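1. the following comprises the amino acid sequence and a computationally predicted model.
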Amino acid sequence: MGPRAIFCDLGELAEADAATIDALARLQLAVRRRGFELRLLRAPTELVCLLELTGLTEVLGLEPGREPEERKDPLGREEERELGDPPA
């Protein structure tokens, strides 16, 4: 049986920057020292991009989810394109 998970919901995170990543990394270390595993839920797109850029997506326990491009637009808008362009 693996370590028990502690889930951190980031859905209300207003901004994501290097300080956010630092705080999450420190939290991850503290959690692991106590025999648990940190799992990040509902991370905003900005944070996901920063974690991918720094290579810390798996290290910090980001739960897999849909990529930002796969999320549906809440207003039902579609991207415009020229005729003859292949679908995205």
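-> Received it, and whenever you're ready, just let me know what you need.
2. and the next element down the chain from the lengthiest helix in the chain?
-> Longest helix in the chain, counting residues (DSSP state H): helix 18-33. Proceeding N to C from helix 18-33, the next assigned helix or strand is strand 36-41, under DSSP states H and E.
3. buried ones in that following strand?
-> 38, 40 (16 or more other C-beta atoms under 10 Å). Every residue, glycine included, has its C-beta placed from N, CA and C.
4. ok, stretch 41-58 next?
-> Buried-residue list, stretch 41-58, by 16+ other C-beta under 10 Å: 43-44, 47-48, 50-51, 56-57.
5. identify the farthest-apart pair in these.
-> Greatest spacing in these, by C-beta to C-beta: Pro44 and Leu56 (15.2 Å).
6. pretty sure Pro3 contacts Phe36?
-> Yes: look at Pro3 against Phe36 with C-beta atoms under 8 Å: they come within range, at 5.5 Å.
7. show me where the protein dips below the pLDDT cut-off.
-> Flagging of the chain using pLDDT under 70 yields the residue ranges 1, 65-88.
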